[in-house]
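okay, here's the prediction I keep looking at, along with the sequence it came from:
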Amino acid sequence: MKINNNNIFPVQEKNLEKISIVFSIIYILWSVLILFLLVQNIYSIKSATLEIARTFGRESFRKDLLYRRWNSMLGSVYGEICETNSPNPYLITDEKNIITPHGLKLTKINPAYMTRQVHELGLLDSNIVGHITSLNPIRPQNKADDWEVSALKKFESGQSEVAEITKTESHNVFRYMAPLYVEKSCLNCHGRQGYQTGQVRGGISISYSIALFDSYRKAATLRTFFSFSAIWLIGGLGLLYGHSRTMKLVKKYNDLSNRIISNEKQYRTLFENMVSGCMVLSSKGSDFIIKAINRQALSIENMDNQDLVGKSVKVIINEQVDKDLLISMEMVDSSGDDLTIPEIYFDNGHVAGWRKYQFFKLKTGELVVVYMDVSEEYKKEMNLNILKQAVEQSTSLIGITDKNGNLSYVNSTFLATTEYTWDELVGKNTRILKSGEQPHEFYKNLWKTITDGETWSGEFHNKTKSGKLYWEAANISPIFDK
């Protein structure tokens, strides 16, 4: 029997290794992806931190610019002369210092002087260093350092701001600088320097330790690191579970495949060694195609395997002579019920004889036909029936006993002569017929002759059921099993 197991095969050891390699590659790719995303996010955090620092510097500059404009709008303001507010030696203007009617001494505070004083206060309060500078400063202390010179030149080229981290001996510093443009109110102090409205007058640089923002960056980086580590770990555990689960399923599949293959071999062996012929058919419209046929069936049909497998069953069944077989197949195929045909004469023009058929349908839809040639048995049965009729109709008394003399068969003449019925004789010992007229030695000699395997011939003086005596000539022969 051939089962279609082309798609059933165990996963080989080398393929198991390939599965493990695939999971390893997926794990590596997963790790690389998580690492890439982690680095990308850490870089984004760093960029966001720098942007926050830049925004801080931008807002500080914007605040400085607003109160400078406020001062300039008022034409400068006055403040009491004191230790922290001495007259600006670089301010050349009328009414630089005045005395109020009450004798209070005041000095003029222009926008640049006010900005410098605010920056000095900021340094004391928050370690934020502000510096107003220019490529052409009036006050020598406002001279630009190298970084500020570079920034001021960029402003003259049209750049709107400069920000970057610079390193000092002790720590990293974030520096921000934006330009100051000449406005009409600025010309009161700087007009003598030849500036015109709209030109870059200078700039304000703001410096502060990057450590102010490091706590945010470190906390965000740490959160990101642990988050991605957790995601990587969960993904890794998922892959580990998937690998373990896959290997278990593969093992289960291999076990099942091996069982199927083993069962298929066993079924094939049973199929091929059946004493009966067997065919597996598949329906195709109104026809049936032979999918498999065993050796006994090939012997019965006197044909080769290649002549039948894949061919119509009508190759061996004559549609005209054996149409009852085809009808039986169609009935079983449509109903699914088993059917047995105990005896039918078969003749397809190639082989002929008496056969016994059994039909049943598999759950897979195939039709199984089991049959055997019973021609010899049929002949023997016919001969036995003829013999039985001859014995039954014989005018001689015929009886059969076991080795103990118990009757197992008597013919009708035997019953008529002895006046007994069948039930009264069968199972009883032949002693029931003794008349007592013959000696014990007579019967002893009879049984010795029979047990020696020879035929005994003689005459009995027996008694009927009614007590009437009669003589009969008898021949008694032993019956052997072989």
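Received the coordinates, thanks. Residues are numbered from 1 along each chain as shown.

any weak-confidence spans in this protein?
Counting by pLDDT under 70, the chain shows low-confidence ranges at 1-11, 125-126, 185-195, 321, 482.

give me that answer again for 50
By pLDDT under 50, the weakly predicted segments of the chain are 1-4.

any idea how it splits into domains?
13-73+110-215, 274-379, 394-476 (automatic domain parsing).

what's the closest of those to Pro101?
With Cβ to Cβ, the closest approach to Pro101 among these belongs to domain 13-73+110-215: 23.9 Å. Glycine gets a C-beta too; all of them are placed from N, C-alpha and C.

now the end-to-end length of the closest one.
Domain 13-73+110-215 has its terminal residues 54 Å apart, counting by Cα to Cα, to the nearest Å.

so how far is it from its chain's centroid?
56 Å (Cα atoms, centre = their mean, to the nearest Å).

what about the strands in the stretch 301-450 of the chain?
Applying DSSP state E, counting those that start in this stretch to the stretch 301-450 of the chain gives strands spanning 339-347, 352-361, 367-373, 399-401, 407-410.

can you lay out those as JSON lines showing distance to Gln306 and mean neighbour count?
Shown next, in JSON lines, are the strands of the stretch 301-450 of the chain (distance: least, Cβ to Cβ, whole Å; neighbours: other Cβ atoms under 10 Å):
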{"stretch": "strand 339-347", "distance to Gln306": "23", "mean neighbour count": "13"}
{"stretch": "strand 352-361", "distance to Gln306": "23", "mean neighbour count": "18"}
{"stretch": "strand 367-373", "distance to Gln306": "19", "mean neighbour count": "20"}
{"stretch": "strand 399-401", "distance to Gln306": "52", "mean neighbour count": "16"}
{"stretch": "strand 407-410", "distance to Gln306": "52", "mean neighbour count": "16"}
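
looking at those, which is nearest to Arg62?
strand 352-361 (91.2 Å).

in which helix or strand does Tyr78 reside?
Assigned by DSSP states H and E, Tyr78 falls within strand 77-80.

try Phe288
strand 287-293.

now do Phe225
helix 211-272.

give me the angle between that helix and strand 287-293.
90 degrees (axes from the mean of the first three to the mean of the last three Cα atoms, to 10 degrees).

related to what we said a few turns ago, the strand holding Phe288: how far from the chain's middle?
Relative to where its chain is centred, strand 287-293 has its mean C-alpha point 36 Å off (Cα atoms, centre = their mean).

stretch 381-394 too?
The answer for stretch 381-394 is 71 Å, by Cα atoms, centre = their mean.

buried sites along the strand holding Tyr78?
In terms of neighbour count (16 or more other Cβ atoms under 10 Å), strand 77-80 has its buried residues at Tyr78.

now that strand: how far from the chain's centre is it?
Using Cα atoms, centre = their mean, the offset of strand 77-80 from its chain centre is 84 Å.

after it comes which helix or strand?
strand 97-99.

contacts for that following strand?
Applying Cβ atoms under 8 Å, 6 or more residues apart in numbering, the set of residues contacting strand 97-99 from outside is Tyr78, Ile81, Pro87, Lys105, Leu106, Thr107, Lys108.

show me what the next helix or strand along the chain from that strand is packed against.
For strand 97-99, the succeeding helix or strand toward the C-terminus, using DSSP H and E, is strand 105-109. Other helices and strands packing on strand 105-109, by 3 or more Cβ pairs under 8 Å, 6 or more residues apart in numbering; DSSP states H and E, are strand 77-80, strand 97-99.

next one: the shortest one to chain centre, how far?
Okay, so that is strand 97-99. Counting by Cα atoms, centre = their mean, strand 97-99 comes out at 93 Å from the chain centroid.

list the buried residues of that strand.
Per 16+ other Cβ under 10 Å, strand 97-99 contains no buried residues.

show me where this structure has helices.
13-73, 111-126, 146-156, 187-190, 211-272, 295-301, 323-335, 375-392, 412-418, 422-425, 440-451 (DSSP state H).
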